[in-house]
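Q: quick one: sequence and predicted model below, then my questions.
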Amino acid sequence: MQKLISWPLVAALAIVVHTDWHFARPHHYRLSLEWSSHWLFALVSFAIAGWYIAGKWPDHPWRASIWNVVAALVIAQGIEPVLEAVIDGRQIGYLVAPERWTAFWLCVGAGVPALALTVWIRHRGNEHVV
């Protein structure tokens, strides 16, 4: 059985989630855009990932989607904030402000359904090809 995880894809999705945070967060943080429609970036990016997943794993696109997305979200919202605290704040901790959680859930709320819809459309199309 082919492995169902692509670490480059996981890294790309984790970068998307982190970049979405930069697009969303208020201007009082450096490198911020305070863009209220940041979720559009996540929607498009996750849809592209869904297209890739359905093509790479045509026999198991749903399991591959779960593995890749969960790994990316754990890295983006679990591991990355700890590393950020260590590097930027020189302290060990999980310092995630409420606005970061809001941006994260908007990102996930737009991105995951877009990925699922894209996988469904492409997988359905693959089933009809003879």
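A: Sure thing, it's come through.
Q: for the lengthiest helix in the chain, packing partners?
A: Looking across the chain with DSSP state H, the single longest helix is helix 98-127. Where contact means 3 or more Cβ pairs under 8 Å, 6 or more residues apart in numbering; DSSP states H and E, helix 98-127 is packed against helix 7-24, helix 39-56, helix 61-74. In this view, the C-beta of every residue, glycine as well, is placed from N, C-alpha and C.
Q: what's the local residue count around residue 26?
A: Using other Cβ atoms under 10 Å, residue 26 has 11 neighbouring residues.
Q: in the longest helix of the chain, what's buried?
A: In terms of neighbour count (16 or more other Cβ atoms under 10 Å), helix 98-127 has its buried residues at 100, 103-104, 106-108, 110-112, 114-116, 118-119, 122-123.
Q: ok, stretch 9-16 next?
A: Buried residues in stretch 9-16, counting neighbours by 16+ other Cβ under 10 Å, are found at 9-10, 12-14, 16.
Q: same thing with stretch 25-37?
A: By neighbour count on 16+ other Cβ under 10 Å, the buried set for stretch 25-37 is residue 25.
Q: and what of stretch 61-69?
A: For stretch 61-69, the neighbour count (16+ other Cβ under 10 Å) marks 61, 64-65, 67-69 as buried.
Q: CSV for those, including distance to residue 91 and pLDDT?
A: Shown next, in CSV, are these (distance: Cβ to Cβ, whole Å; pLDDT from 0 to 100):
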residue, distance to residue 91, pLDDT
61, 41, 96
64, 37, 98
65, 35, 98
67, 32, 97
68, 31, 98
69, 30, 98
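Q: residue 37: which of those residues is nearest?
A: Of all those, residue 37 sits closest to residue 69, with 21.7 Å by Cβ to Cβ.
Q: look up how far residue 118 lies from the closest one.
A: Applying Cβ to Cβ, to the nearest Å, the value for residue 69 to residue 118 is 12 Å.
Q: overlap in contacts, those two.
A: The overlap between the contact sets of residue 69 and residue 118 (Cβ atoms under 8 Å, 6 or more residues apart in numbering) consists of residue 46.
Q: wait, isn't residue 86 in contact with residue 92?
A: Yes: counting by Cβ atoms under 8 Å, residue 86 touches residue 92, with 6.0 Å between them.
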